[in-house]
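Trainee: build the 3D model from these lines:
(one chain, ligands or ions: 2)
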Amino acid sequence: MISPIMRLSHVTFQASNALKLIEEFVTKYKFHPFAARGLDGGSSCQVALRNGGVVFMVNENTQKTHENPVMLYDIPLPIPFLDTACNVSFEVEDVPGLYRHLVDEGCQLLLPPTELHDDFGSVTYCIVKSVVGNVSHTLIDRRHYKASFLPGFKYLKNNTNNLSSGNLTHVDHIAYACPFGTSPSILEWYRRCFGFQHFPLYKGEDPERGLEITGHRIGLRLTSLVCPRLGEGCKLVLAESLPQEGINQVDQFIEHHTDGGIQHIGLSTPDIFKAARDLSHLGVRFASQPSSYYSEPRKQKEIYNVGLEPQMLEKFGILIDSATEDILSEDASKKFLLQVFAEPLFSKNSVFLELIERRSAEGFGEGNIRALWRSMQDLQEDLTVKEHEAQ
Ligand SMILES: O=C(O)C(=O)Cc1ccc(O)cc1
Ligand SMILES: [Fe+2]
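Mentor: Ligands and ions are numbered 1, 2, ... in the order given. Got it, this is the predicted structure:
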């Protein structure tokens with residue numbers, strides 16, 4: 001099928017304390033609030049924030065009762081509240097047509113096509129529940145809307161729509177923690193509903209198996225999905241845990257979020273060193289690497305080959321993966337990937353952000369995946385110790 005998805009609009013968080021999360025995004029991650037509703041009372045408050053080309057919406061059910069609050073473009077989660085990222089909103093062109101298609105596919109529709117308008121025009125949207133945990137998708141036709149966000153929101157003074165006013169260009173990928181054995185059916189659902197395609201992480205990857213990574217302290221199956229019309233933006237990454245000694249980050253996330261959900265959001269930056277330095281000065285803690293990662297001769301050669309210095313990466317725990325088969329060849333300088341995980345936004349088993357800088361490398365490298373995984377295991381263990389100490 002031709003994908004109905006034109007663009008990623010925004011990712012929505014639901015928080016038990018929206019102001020706290022907004023403050024975190026503003027003071028630590030350099031987001032700017034630019035549109036809001038419900039701040040002066042009402043059953044929910046909703047705030048849209050932007051950093052460069054990345055838009056987040058933060059929602060809170062402020063009435064804290066079992067009655068459903070008014071929440072636009074999202075569905076309130078049941079009480080008790082979970083702090084979570086739970087909606088990925090896409091721009092589409094034909095909401096009624098897509099709605100009928102999703103009904104025919106047997107999807108659970110949470111809101112039928114609905115029109116909202118204000119002085120700047122109108123939008124039509126519907127909401128469908130995904131097959132992953134608490135995740136839903138809002139599908140919005142905003143072709144007849146002229147302001148920068150959506151009807152129902154007030155635009156904040158001093159709001160900056162300047163795309164260059166942040167260090168993030170777009171959402172590179174959204175990673176779901178998925179229950180064991182569910183990846184093939186999730187892939188199939190995104191293919192049928194939205195035209196996503198399997199994006200192999202290595203030549204000849206079987207879509208039913210994905211990339212399996214096992215070994216010391218790691219047990220992970222990764223399956224990546226791409227939406228042809230989204231171009232470089234917003235792959236979906238399905239992360240399943242494979243049997244491993246001890247409990248791991250995917251299992252723990254699933255224990256915390258029944259049936260899984262959005263585990264992390266990969267944010268693309270043109271300069272990961274600047275982004276990591278800025279955010280770290282503002283108080284963001286990054287998952288770090290043991291120094292042996294940077295002193296290992298092969299890794300050092302890989303880093304020097306692309307014109308970088310190991311110390312630059314080590315400072316913020318940044319990982320490098322050259323996409324060529326032979327990382328020691330001169331050719332390796334052409335394609336590489338730099339990544340780092342930030343600490344969880346809420347409790348230790350909650351959603352977290354990732355910085356990623358791609359230099360012509362489109363996939364995910366196994367070396368980086370292993371190192372990212374271990375860095376988050378270490379960070380979570382450290383947070384567990386801190387939690388015990390605080391008790
Ligand atoms: O490489 C990436 O950016 C990934 O997103 C892979 C990944 C997914 C889930 C994990 O818990 C750890 C690593
Ligand atoms: Fe990632």
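Trainee: okay, now G231: neighbour count?
Mentor: 10 (other CB atoms under 10 Å). (Each C-beta comes from the backbone N, C-alpha and C, glycine too.)
Trainee: quick one, phi/psi of it?
Mentor: Torsion angles at G231 (phi, psi; degrees, to the nearest 10) stand at phi 60, psi -130.
Trainee: ligand 1 contacts on the stretch 51-200 of the chain?
Mentor: A175 (CB under 6 Å from any ligand atom).
Trainee: and the strands in the stretch 51-200 of the chain, which stretches?
Mentor: 54-61, 84-92, 109-118, 121-129, 136-141, 154-155, 170-178, 197-198 (DSSP state E, counting those that start in this stretch).
Trainee: ligand 2 is nearest to which of the ones you listed?
Mentor: strand 170-178 (4.9 Å; CB to the ion).
Trainee: the closest one pairs with which strands?
Mentor: Strand 170-178 has its sheet partners listed here by DSSP bridges as strand 235-241 (parallel), strand 261-268 (antiparallel).
Trainee: circling back to that earlier point, what would the strands of the stretch 51-200 of the chain look like in JSON lines with mean pLDDT?
Mentor: Output for those, formatted as JSON lines (pLDDT from 0 to 100):
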{"stretch": "strand 54-61", "mean pLDDT": "97"}
{"stretch": "strand 84-92", "mean pLDDT": "98"}
{"stretch": "strand 109-118", "mean pLDDT": "98"}
{"stretch": "strand 121-129", "mean pLDDT": "98"}
{"stretch": "strand 136-141", "mean pLDDT": "98"}
{"stretch": "strand 154-155", "mean pLDDT": "96"}
{"stretch": "strand 170-178", "mean pLDDT": "98"}
{"stretch": "strand 197-198", "mean pLDDT": "96"}
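Trainee: how about the ones you listed in CSV, adding mean neighbour count?
Mentor: Formatted as CSV, the strands of the stretch 51-200 of the chain follow (neighbours: other CB atoms under 10 Å):
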stretch, mean neighbour count
strand 54-61, 25
strand 84-92, 24
strand 109-118, 14
strand 121-129, 20
strand 136-141, 23
strand 154-155, 14
strand 170-178, 23
strand 197-198, 17
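Trainee: which of the ones you listed sits closest to L242?
Mentor: Among those, the nearest to L242 by CB to CB is strand 170-178 (11.8 Å).
Trainee: return the distance of that closest one from the chain's centre.
Mentor: 4 Å (CA atoms, centre = their mean, to the nearest Å).
Trainee: stretch 174-184 too?
Mentor: Taking CA atoms, centre = their mean, the mean C-alpha location of stretch 174-184 is offset from the chain mean by 14 Å.
Trainee: end to end on that stretch, go ahead and measure it.
Mentor: Stretch 174-184 has an end-to-end distance of 17 Å (criterion: CA to CA, to the nearest Å).
Trainee: and for stretch 244-259?
Mentor: Termini of stretch 244-259 sit 19 Å apart (CA to CA).
Trainee: roughly how far apart are whatever residue of the stretch 1-150 of the chain ends up closest to ligand 1 and ligand 2?
Mentor: For the stretch 1-150 of the chain, the residue positioned closest to ligand 1 under CB to the nearest ligand atom is V132, at a distance of 13.5 Å. Separation of V132 from ligand 2 (CB to the ion, to the nearest Å) stands at 16 Å.
Trainee: pLDDT value on that residue, please?
Mentor: For V132, the model assigns a pLDDT of 98.
Trainee: residues near L222, how many?
Mentor: Per other CB under 10 Å, the neighbour tally for L222 reads 20.
Trainee: quick check, it in a helix?
Mentor: No. Secondary structure of L222 (DSSP: H, G, I helix; E, B strand; the rest coil): strand, not part of a helix.
Trainee: that one pairs with what?
Mentor: Beta-bridge partners for L222, by DSSP bridges, are L211, A239.
Trainee: in this protein, where's the longest helix?
Mentor: The single longest helix within the chain, with elements called by DSSP state H, is helix 366-390.
Trainee: and that helix, how far out from the chain middle?
Mentor: Taking mean C-alpha positions (CA atoms, centre = their mean), helix 366-390 and its chain are 18 Å apart.
Trainee: list the buried residues for it?
Mentor: 367-377, 379-380, 383 (16 or more other CB atoms under 10 Å).
Trainee: do the same with stretch 231-247
Mentor: Buried residues in stretch 231-247 (16+ other CB under 10 Å): 233-241, 244.
Trainee: grab the most central residue of this protein for me.
Mentor: Against the mean C-alpha coordinate of the chain, by CA atoms, centre = their mean, the closest residue is I265 at 1.9 Å.
Trainee: per-residue pLDDT of N68, please?
Mentor: So, for N68, pLDDT stands at 85.
Trainee: I'd assumed P78 was in contact with it.
Mentor: No. Using CB atoms under 8 Å, N68 is not in contact with P78; the gap is 9.6 Å.
Trainee: what do these two both touch?
Mentor: Counting by CB atoms under 8 Å, 6 or more residues apart in numbering, N68 and P78 have no contacts in common.
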